[in-house]
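Peer 1: Coordinates for the following, if possible.
(chains A, B, C and D)
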Number of protein chains: 2
Amino acid sequence: MDIHDHILKNVAKHISLSREEAAHFTSLLIYKEVPKKTTLLAEGHACNQLSYVHSGALRSYCLDKEGKESTIMFAVADWWLTDMYCFLNDKPAMMYIEAIEDSCILNLSRENFNNLFNAVPKFERFFRILLQNAYTREQLRTIENLTLTAEERYFRFINKYPQIASQVTQKQIASYLGITPEFLSAIRKKNVPRRAR
Amino acid sequence: MDIHDHILKNVAKHISLSREEAAHFTSLLIYKEVPKKTTLLAEGHACNQLSYVHSGALRSYCLDKEGKESTIMFAVADWWLTDMYCFLNDKPAMMYIEAIEDSCILNLSRENFNNLFNAVPKFERFFRILLQNAYTREQLRTIENLTLTAEERYFRFINKYPQIASQVTQKQIASYLGITPEFLSAIRKKNVPRRAR
DNA sequence: AAAAAATCTTAATATACCTTAAGACAGAAT
DNA sequence: ATTCTGTCTTAAGGTATATTAAGATTTTTT
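Peer 2: Residues are numbered from 1 along each chain as shown, chains lettered A, B, ... in the order given. Prediction:
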């Protein structure tokens, strides 16, 4: 099976490509194997790539002035990830991206991304839909941050993303939820059924 | 000056339309004058319109199980607003939209929105860019919610959106920041220069 | 203009979550 | 296998923010 099969299926969810268009698209992708703990992007560096996760898992996060990490998002197989604002606007990255497992990714450079729309205008639709989904997902996260307790957010997270929850540490989940690992530990303890303790 | 001038300038920020394309686009818009306090959308109702604010100000918010309001976003002149998830996916609304000033809006129905892309494919690009901006803005809000104190978020908000801050009540700002009006009042008191008290 | 309703403020008390510190456990490196 | 490093847990004490309730102020309605 070709390495591009997965990403082409991902694209096919929203638009239909001819054989030539598909070939053109895949010709723009750079395949990379990245071992666990690799830093793919660091704050202040140029963010020139949009990454599709073929296998493994990536995480984006930022550091506040005291050096505390906040996880912005996780990307497991079949997800796209970058520092979107800096990728789109050609600004130095405001976040870090690291591999949290050995991963295989496909990179699309900003230059190829921008040219792609002229070469194959259908991709405007594809990325419009991708961004629609990203936006509504992020808005839901905002609403949940504003209205739910940490405990409620934790259980929503593990129910909504069981795959991700199984691939990341509790420390990383805590930093995604905006709480300390200690407090997450307390939440979990409180919710373990009696006899299992 | 034509009522459509503003919205056409908004579109022209990202794509160039021919006279005919512009005429087609504006023919799809429904102009509405809505008095302050009008509810344009209520939870559970069909969300069939994407609204462009020509003048005035709208606010979207949701209610939690105790009836507490959380402001999702404000839209002043030249902003777009809807319950995006429900508009795109034809689901009953999860939020409320109300006019917080006498406002003039232009509505684009879901049907016209979907057809527009076939009639004038350039709009794929326009809405892709709109959604890019909405997504990165929302992601920044998530990061600020995770990393900043209420006081820091308040001052960032009034510096970033002075126009909005001047048009809405403190209660509404508090519900956007995810704090109580009482606590916002305390933050403001603490930061008033001595002699002004 | 008066009355009513909503917002804003103040302050006391309460709570969700944080900080610190230490020990237990697990995975990675030697 | 052993050591090392990071993660997870526990618990005591602390802080940011919520809740409640009341009065002051502003806005809206009559």
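Peer 1: all contacts plus neighbour counts: C-alpha atoms, from now on.
Peer 2: Fine.
Peer 1: does any part of the helix or strand where A:Ala174 lies sit near DNA strand D?
Peer 2: Secondary structure assignment for A:Ala174, by DSSP states H and E: helix A:170-177. Yes: in terms of Cα under 7 Å from any atom of the strand, part of helix A:170-177 sits within range of DNA strand D, namely A:Gln170, A:Lys171, A:Gln172.
Peer 1: Give me the three-state assignment for the residue nearest to the last one when sequence neighbours are not counted.
Peer 2: It stands for A:Gln172. In this structure, A:Gln172 finds its nearest non-sequential neighbour in A:Thr71, 6.8 Å apart by Cα to Cα, 6 or more residues apart in numbering or on different chains. Under DSSP: H, G, I helix; E, B strand; the rest coil, A:Thr71 falls in the strand class.
Peer 1: Run a quick check on A:Thr71 versus A:Asp64, I expect a contact.
Peer 2: No: shown here, A:Thr71 and A:Asp64 do not form a contact pair, counting by Cα atoms under 8 Å, at 11.3 Å.
Peer 1: coming back round to it: just list the residues touching the residue nearest to A:Gln172, thanks.
Peer 2: A:Arg59, A:Ser60, A:Tyr61, A:Cys62, A:Gln172, A:Ile173, A:Ser175, A:Tyr176 (Cα atoms under 8 Å, 6 or more residues apart in numbering or on different chains).
Peer 1: tell me which element the most centrally placed residue in chain A is part of?
Peer 2: What sits nearest the mean C-alpha location of chain A, by Cα atoms, centre = their mean, is A:Ala75, with 3.2 Å. Per DSSP H and E: A:Ala75 is located in strand A:69-76.
Peer 1: What strands flank that strand, and is each parallel or antiparallel?
Peer 2: Paired strands of strand A:69-76, with direction, are strand A:57-63 (antiparallel) (DSSP bridges).
Peer 1: As CSV, could you dump the C-alpha coordinates of the strand it pairs with?
Peer 2: Provided in CSV are the C-alpha atoms of strand A:57-63 (Å, rounded to 0.1, in the frame of the first residue of the first chain):
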residue,chain,number,x,y,z
ALA,A,57,1.2,11.3,17.4
LEU,A,58,2.2,14.9,17.7
ARG,A,59,1.5,17.5,20.3
SER,A,60,1.6,21.3,20.0
TYR,A,61,2.0,23.4,23.2
CYS,A,62,3.1,26.8,24.3
LEU,A,63,5.1,28.0,27.3
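Peer 1: Nothing else from me, thank you.
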